[in-house]
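Visitor: 3D model of this:
(one chain, ligands or ions: 1)
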Amino acid sequence: MSQPPTAAPLTVVSVSAEVAPWSKVGGLADVASALPVALAERGHRVLGVAPRHAAYDDAWDTGLTARFGLFGQRHEVRFFHARVDGVDRVFVDHPAIRRGGVYGTDQGGYADNLLRFALLSRAALVAPALLPGFSLPTDGADTVFLAHDWHAGLVPLYLAARYRHHGLLSRARSILVVHNLAHQGRYAPGVLPGLDLEARWRSVLDMDGHVNVLKGGIAAADRVATVSPRYAHEITTPEHGFGLDPILRMRGPVPDGIRNGLDTRSWDPATDPHLPANFSADDLSGKAACKAALQQELGLPVDPTAPLVGCVGRLDAQKGIDVLLPVLPWLRDQGAQVVVLGSGSPLLQDALRRVNGDRVRVRIGFDGPLSRRITAASDLFVVPSRFEPCGLTQIQAMRYGAVPVVAGTGGLFDTVPPYDPVHQQGHGFRAWPGSAESLRHAFGDALYTWRHWPDSFAGLRDRGMRHDWSWNLPAAAWEQAMTAALDAPAWA
Ligand code: ADP
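Guide: Model (predicted):
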């Protein structure tokens, strides 16, 4: 349900390396997809700019091109366009970009990612003026660029260095949005001349003798934001700052922390076409059917009394799968069934394959429909991350009636207040990040509640399902942050 804007209509240009459904590696794609739609529904003009990683059936060739000098060559990019759900989507095409993968292959990142994302950033800055029907106001006085993560980190730099001082974008502002501080775009200093920036801006990119694109973006952006209030604080500390906490504190006091919403129209258990049965908080019979169907699909005993624990995510050190592994035998002994879906690190994939067996099912791969079937079937859903900027899977879980067991960090901390049996409040169970022992304790509480206090467990499930996880509130917060950016003088 859309809400009226509280601010004057803005022109928003959202720039990201991935955007669902055209390309997706993780939650960034979900946000780059849904936040623009939520803002458009509030009356803003929104342009979503992303790479054309492959040919997309619904995006047509505008025939428009732009040329940029980068790394000693003239590069021509081509603009493809689709208008979907009130948002103009622009896909930037170039032979270096069109590779299929978003960031690289199983063997690692593409060697020329800096060129690929510099092209994306340069193209995003000219796209609004080029696109027919999306003409900018004369000086960009209502225009905000949302630069998501390091891949768009050159947008604030090029805006400040090249576009601020003339014409269309003289009053435009940029917000660098940190979805994950661990990925910074670090390169040897030798790449600097290729970026075609004057000396002043080259020093903005310098971090301990290296080029650090995220640092440059943070230093040049008019405002910095991230995807949950807790993570906004965490990244200003040495423990979670990945070396950038001094820069973030300098921008301080803390960046805007706006929790991600969920596309609750797509993630709706009452209508999700990928589920064998639909259900809602008022009628959970379909959830029991989803559980039985998944148990059957994966060859697990079809047993409604066995608590089913789901887990979906990238297999990366961040996600703490290695913290979950030692807890699996204990969960099995408790009579639980565990289903894990993930892809990523070959090492973690192998470790998971080894535990596939009695009461534990592991599926390696990226499979959207299966992730929904697992989430819908689960009684408990575990997110054991070492750090988690926001996290969407725990929100998807709550929406689908699976009670989360999470590490208390970042957005997991914000979205999963712990169960309070006295006041019958809270959404789930919390563990210390990185501690298998603490995770086992959290599961102990969760399973005890499931077995001995079914009404309390039902209350937990019900609160999670009925909570407003939509983009309505976050979109209003984004509106405020963008308006504040436009009202303040340019930062750099
Ligand atoms: P991150 O962005 O760090 O990967 P999030 O929890 O914010 O983590 O978002 C992950 C998104 O990707 C969610 O929409 C989740 O459902 C989806 N996802 C992650 N792994 C898989 C997978 N193996 N198959 C299908 N969907 C997945």
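Visitor: where does the chain have low pLDDT?
Guide: Low-confidence segments of the chain, defined by pLDDT under 70: 1-7, 135-138.
Visitor: please redo it, this time with the cut-off set to 50
Guide: Scanning the chain with the threshold set as pLDDT under 50 gives 1.
Visitor: who in it is up against the ligand?
Guide: Residues of the chain lying close to the ligand by CB under 6 Å from any ligand atom are 26-28, 30, 312-314, 341-343, 366-368, 371, 390-393, 396. (Glycine included, C-beta is placed from N, CA and C.)
Visitor: show the contacting residues for residue 18.
Guide: By CB atoms under 8 Å, 6 or more residues apart in numbering, the contact set of residue 18 is 24, 25, 26, 28, 29, 32, 50, 102.
Visitor: drop anything exposed from the residues of the chain next to the ligand.
Guide: Buried members of the residues of the chain next to the ligand, scored by 16 or more other CB atoms under 10 Å, are 26-28, 30, 312-314, 341-343, 371, 390-393, 396.
Visitor: all helices for the stretch 201-350 of the chain, in order.
Guide: All helices of the stretch 201-350 of the chain, identified by DSSP state H, counting those that start in this stretch, fall at 213-220, 229-234, 245-251, 285-297, 321-324, 328-333, 346-355.
Visitor: can you give me the buried ones in the fourth one?
Guide: This points to helix 285-297. Across helix 285-297, burial judged by 16+ other CB under 10 Å covers 286, 287, 289, 290, 291, 292, 293, 294, 295.
Visitor: the residue lying closest to the fifth one once chain neighbours are set aside - how many residues pack around it?
Guide: Just to be clear, that refers to residue 291. Excluding the flanking residues, the one nearest residue 291 by CB to CB, 6 or more residues apart in numbering is residue 377, at 4.3 Å. Residue 377 has 28 neighbouring residues, counting by other CB atoms under 10 Å.
Visitor: give me the contacts around stretch 269-286.
Guide: With CB under 8 Å, 6+ apart as the contact definition, stretch 269-286 has outside contacts at 266, 287, 289-290, 293, 368-369, 372-373, 376, 399-401, 461-462, 465-466.
Visitor: again, only this time at 6 Å
Guide: With contact meaning CB atoms under 6 Å, 6 or more residues apart in numbering, stretch 269-286 is reached by 287, 289, 290, 293, 369, 372, 376, 400, 462, 465, 466.
Visitor: how about stretch 441-456?
Guide: Residues from elsewhere that reach stretch 441-456 (CB under 6 Å, 6+ apart): 307, 334, 380, 405, 429, 431, 457.
Visitor: which one of the contacts of residue 18 sits closest to the ligand?
Guide: The nearest member of the contacts of residue 18 to the ligand, counting by CB to the nearest ligand atom, is residue 26 at 2.6 Å.
Visitor: going toward the C-terminus from the helix or strand residue 411 falls within, what's the next helix or strand?
Guide: Using DSSP states H and E, residue 411 sits within helix 410-415. With elements assigned by DSSP H and E, the helix or strand that comes after helix 410-415 is strand 429-431.
Visitor: now do that next one: distance to the chain's middle.
Guide: Strand 429-431 sits 22 Å away from the centroid of its parent chain (CA atoms, centre = their mean, to the nearest Å).
Visitor: what's the closest non-adjacent residue to the residue in the stretch 201-350 of the chain that the ligand sits nearest to?
Guide: Distances between the stretch 201-350 of the chain and the ligand by CB to the nearest ligand atom are smallest at residue 314, namely 4.5 Å. Spatial nearest neighbour of residue 314, chain neighbours left out: residue 344 (4.7 Å); criterion: CB to CB, 6+ apart.
Visitor: hang on, that neighbour packs against residue 317?
Guide: No - the criterion here is CB atoms under 6 Å, and residue 344 misses it with residue 317 at 9.5 Å.
Visitor: give me the domain ranges for the chain.
Guide: What automatic domain parsing lists as the domains of the chain is 11-261+472-487, 285-466.
Visitor: give me the contact list for stretch 319-331.
Guide: With contact meaning CB under 6 Å, 6+ apart, stretch 319-331 is reached by 313, 315, 338, 348, 355, 360, 384, 385, 386, 436, 439, 440.
Visitor: can you give me the buried ones in it?
Guide: Neighbour-count burial for stretch 319-331, counted by 16+ other CB under 10 Å, picks out 319, 320, 321, 322, 323, 324, 325, 327, 328, 331.
Visitor: do the same with stretch 369-377
Guide: By neighbour count with 16+ other CB under 10 Å, stretch 369-377 contains the buried residues 370, 371, 372, 373, 374, 375, 376, 377.
Visitor: so what's the third one up against?
Guide: With contact taken as CB under 6 Å, 6+ apart, residue 372 is in contact with 272, 274.
Visitor: and it, what element?
Guide: Counting by DSSP H and E, the element that carries residue 372 is helix 368-377.
Visitor: just the angle between that helix and helix 285-297, please?
Guide: Angle, helix 368-377 to helix 285-297, by axes from the mean of the first three to the mean of the last three CA atoms, to 10 degrees: 120 degrees.
Visitor: run the chain-centre distance for helix 368-377.
Guide: 18 Å.
Visitor: immediately after it, which helix or strand?
Guide: Heading C-terminal from helix 368-377, the first helix or strand you meet, by DSSP H and E, is strand 380-383.
Visitor: following that following strand, which helix or strand shows up next?
Guide: Using DSSP H and E, the helix or strand that follows strand 380-383 in sequence is helix 393-399.
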